[in-house]
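Visitor: sequence and predicted model, in that order:
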Amino acid sequence: MLQFIKQLVVAIALSFYLFSIGFPFLPAGVNTKMMLAILGVIFLVFEWLNTKKITVSWEMLGATGFAIIFSLICYFTTDFNHTSDYSYANYFVTFFVWLGGAYAVCTIMRATHGTANLRLLTFYAAAVCFGQCIIALIIDRIPAFQKFVDSLIEQGQDFDRKIGRLYGIGASLDSAGIRFALILLLIAAVLSKDQQVRASRKTTVLLLIAFFTIAVVGDMIARTTGVGFGLAIVYFMLNIGFLQFVIKKEHFKFYAIFGGMLLLTVAASVYLYNTDVNFHSDMRFAFEGFFNWSEHGEFKTSSTDKLNDVMWIWPSDLKTWIIGTGRFGHFIFSTDIGYCRFILYCGLVGFSVFALFFVYNAIVFAIKYKMYRDLFLLLLIYSFIIWVKVSTDIFFLYALLYCMDMERYQKYHRRKLT
């Protein structure tokens, strides 16, 4: 029982990290991510008091350098353009908040399991995202529960209700979709490469239940989930012999379980689509492109039409192309597209550094986790894909990996800087 409570605390901490929320009794802007960051600093101080040192990897110092340089460029562009929009001039603060929160989560995980690694992160993240999907369905279908959640948590849910979108506890819109997408990739990677996971039928089944639930319900919450699902399927195809004509013996059990879960998911989805009004409308939204393709012969969605028609807005002069306008917030250029917003804000100079930051992170962990090199390649591809839709990033995942990396350095005493 005690171990279960500890595991529940890890899951809650990770949920508060990935899907941060505020509370009505706290000042506006204070959320669980910030609380975890403060907790992470406290843990770090205790670590320093116990060991008399703080160990930081050279790779993390490199990432810190990128974050600071990008922030300085953004600060320069705001100063040069005489604006006070420091949306990304303060990125180094966001960087350290994510690191602090990640350190707290990893410390709690290590206290429960004795270690914090990619496998454990995938297990907990899959459970958290699965739970968010179930909670979103319950909120959508039980008004009393929705009222209860909304009274306790502040997460901008008024907008979600206004546009008729599903939401969980901190999980809504593209922010949730990006997290769902990344977790689908992690699940695909662990199922494909981790022999300890593949050897357990129970673990495989549970991960695939989470995988297909997140793929379907997550897409109802935000269609950015679908990109991650597509990349996860590509990962499976490349690593488990889907493209081969001969089924290897070691893959046969996984094929059987995967195929069975896929059939069950399709059957359940078709049944609910035809019998449940809410599920019907949610499916129409989630897979709008496929429905338009099957019914009208054209793969398109209302959001992509809007993006293509009115949101590709580029600089109109050379100065803006180079250093930007220093304006980002308040939807000032009437576009959601990440590429446009970044370049309009800090120009190609700032955007190039920001893009290289994620190339750097992907390379660092592709080297660290040689078995998962293709995972980090797909994470890098996803980083560039999402900027077609929104102006956000996936450093929150790398922050967790950097903190796990620090623990490995402390344990094995490899290339450390004190």
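Guide: Cool, the structure landed.
Visitor: break down the stretch 301-418 of the chain into its strands, ranges please.
Guide: Using DSSP state E, counting those that start in this stretch, the strands of the stretch 301-418 of the chain run over 416-417.
Visitor: any low-confidence regions in it?
Guide: Applying pLDDT under 70 to the stretch 301-418 of the chain flags residues 302-310, 405-418.
Visitor: all strands of the stretch 1-150 of the chain, in order?
Guide: Under the criterion DSSP E, counting those that start in this stretch, the stretch 1-150 of the chain contains strands at 56-57.
Visitor: can you give me the helices for it?
Guide: 2-18, 32-51, 58-80, 91-113, 118-141, 143-152 (DSSP state H, counting those that start in this stretch).
Visitor: just the mean pLDDT for the fifth one, thanks.
Guide: Same thing as helix 118-141. For helix 118-141, the mean pLDDT works out to 94.
Visitor: repeat for the third one
Guide: Helix 58-80 comes out with an average pLDDT of 94.
Visitor: point out the other helices and strands that it packs with.
Guide: helix 91-113, helix 318-323, helix 338-368, helix 395-412 (3 or more Cβ pairs under 8 Å, 6 or more residues apart in numbering; DSSP states H and E). Backbone N, C-alpha and C define where each C-beta goes, glycine included.
Visitor: as JSON lines, those with distance to G260 and mean neighbour count would be great.
Guide: Below are the helices and strands packed on helix 58-80 laid out as JSON lines (distance: least, Cβ to Cβ, whole Å; neighbours: other Cβ atoms under 10 Å):
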{"stretch": "helix 91-113", "distance to G260": "30", "mean neighbour count": "22"}
{"stretch": "helix 318-323", "distance to G260": "53", "mean neighbour count": "15"}
{"stretch": "helix 338-368", "distance to G260": "33", "mean neighbour count": "20"}
{"stretch": "helix 395-412", "distance to G260": "30", "mean neighbour count": "20"}
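Visitor: T392 and F358, how far apart?
Guide: Per Cβ to Cβ, to the nearest Å, T392 is found 12 Å from F358.
Visitor: not counting its neighbours along the chain, what's nearest I187?
Guide: Spatial nearest neighbour of I187, excluding adjacent residues (Cβ to Cβ, 6 or more residues apart in numbering): F211 at 4.9 Å.
Visitor: nope, M311 is what I meant
Guide: In space, M311 is closest to T335, 4.2 Å off (Cβ to Cβ, 6+ apart).
Visitor: what does M34 give?
Guide: M34 sits nearest to V97 (Cβ to Cβ, 6+ apart), 6.3 Å away.
Visitor: now do the same contact list for the one you found.
Guide: Shown in contact with V97 (Cβ atoms under 8 Å, 6 or more residues apart in numbering): K33, M34, A37.
Visitor: give me the number of neighbouring residues for the spatially closest residue to the first one that is not a sequence neighbour.
Guide: With Cβ to Cβ, 6+ apart as the criterion, K33 has its nearest non-adjacent residue at 3.8 Å, and that residue is S20. Around S20 there are 19 other residues, counting by other Cβ atoms under 10 Å.
Visitor: could you measure from the residue nearest to M311 over to T325?
Guide: From T335 to T325 the distance is 13 Å (Cβ to Cβ).
Visitor: so between these two, which is more surrounded?
Guide: T325 (22 against 18).
Visitor: quick check, central residue of this protein?
Guide: The C-alpha lying nearest the average C-alpha coordinate of the chain belongs to R179 (Cα atoms, centre = their mean; 2.5 Å).
Visitor: hmm, that residue is touching Y17, no?
Guide: No - applying Cβ atoms under 8 Å as the test, R179 and Y17 come out as separate, 10.0 Å apart.
Visitor: re the thing from before, nearest to F279, of the contacts of V97?
Guide: Using Cβ to Cβ, K33 is the member of these that lies nearest F279, at 31.6 Å.
Visitor: related to what we said a few turns ago, what sits against the residue nearest to M311?
Guide: By Cβ under 8 Å, 6+ apart, the contact set of T335 is V310, M311, W312, I313, R341.
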